[in-house]
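Q: What follows is a predicted structure for the sequence shown.
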Amino acid sequence: MQPTTIAEVVNYLHTIMQQCAGAGNRAGYFAALYKRMTMAVGEGIAKGAFEDGPRMEQLDVVFAQRYLDAWRQYGAKMPCSISWKLALDGCADKNLTVIQHLLLGINTHINLDLAVAAAIVAPGEKIHALEKDFNRINDMIASLVDDVQYCLEQVWFPMRWIKRISNRQQQDVLNFSIGVARKTAWANAVLLAQLNNEMQVKHIQTMDSMVLGVGKKIIQPGTLSAMMLRAVRLTEYENIGRTIRLIDTVRIGT
C-alpha cells in the first residue's frame, strides 16, 4: 500500500471499507469515515481552500500512509504503534458504540499520525508555513465528524445525549475533543520538525504512549458516561456492514 495521490488513497480506503463490510469487521467504521475525510480534502484542494494545494496533497498522502501501514502491519500480526493496536483490538469489542470505534481511530490519527506527517512534509522552519493548512484540515475533520454524528443521531436517538465530539472548548462524555487534539498535534508537529531522526523516534514513542492513554479513556470513560453509552449501544444496528455503508453515504438533510 503505497499511494502517491489522494485518488489512490481513496481507492485503498474504499477497498478496506468493502473488505470490512463483507467480513463484519468494525474497523470499517473508521475506514468509511476516513474515506469521506480524504475525499473532502481532495475537494478542498480542487476549490483552492488551502494555501498550497500540492503540499496539502503530499501531507494527505503521507498522513494516510501511516494508517495504511498500521492496517497492514496489524493484519499481518506485525508490530505497529501501540495506540493503533488498541484501536484495532477494540474493533472486536461488541460493547463499544460506533462513535467510540470512530473516536479510537480519530484519536490515533490526529494525535499521533497527523503530527508526524506534518513534520515529514515540512521539516525545520518550514513547519510554520503549514499552520493555516494544518488547521483547515482539522476543521474539515471536525465538520465531517459532526455530520456523521448528526446522522447517527437520526438513527439512534440516545446519541443526542452525547455532546458533539468536535467541541473545541471542553471534553465530552467520551473524554475527547478534536479541538484539544488539534492543539496537541500542532505542538508536537512543531517540535518534531526541529528534532534529528534519533530524537524524533524517541518523541514519537512518547506520543504513542500518551495517545494510548487517551484511547483507554475513550474505551472506559467513567461510570456515568458508560451508562449513557450503554443506552446508545442498545439502539444500534447489529449489522456491521449496514452501519459502515451508513457512515459512508449519509449527509445532513438526507
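A: Nice, I can see it.
Q: What is the burial count for Lys126?
A: Neighbourhood size, Lys126 [other C-beta atoms under 10 Å]: 13. Backbone N, C-alpha and C define where each C-beta goes, glycine included.
Q: no wait, Ile137
A: For Ile137, the count of nearby residues is 24 (other C-beta under 10 Å).
Q: Just the buried residues of the particular helix or strand that has it in it, please?
A: For Ile137, the host element (DSSP states H and E) is helix 131-155. Within helix 131-155, the residues that count as buried by 16 or more other C-beta atoms under 10 Å are 133-134, 136-142, 144-153.
Q: ditto for stretch 19-30
A: For stretch 19-30, the neighbour count (16+ other C-beta under 10 Å) marks 20-21, 25-30 as buried.
Q: of those, closest to Trp71?
A: Ala27 (7.6 Å; C-beta to C-beta).
Q: was I right about that closest one contacting Cys91?
A: Yes - counting by C-beta atoms under 8 Å, Ala27 does reach Cys91; the two are 4.6 Å apart.
Q: Now list whatever residues contact both of those two.
A: Common contacts of Ala27 and Cys91, defined by C-beta atoms under 8 Å, 6 or more residues apart in numbering, comprise His101.
Q: Assess the claim that Ser209 and Ile82 are in contact.
A: Yes - between Ser209 and Ile82 there is a contact under C-beta under 8 Å: 6.9 Å.
Q: Counting neighbours around each, name which of these two comes out higher.
A: Legend: neighbour count by other C-beta under 10 Å for Ser209 and Ile82, higher for Ile82 (16 against 12).
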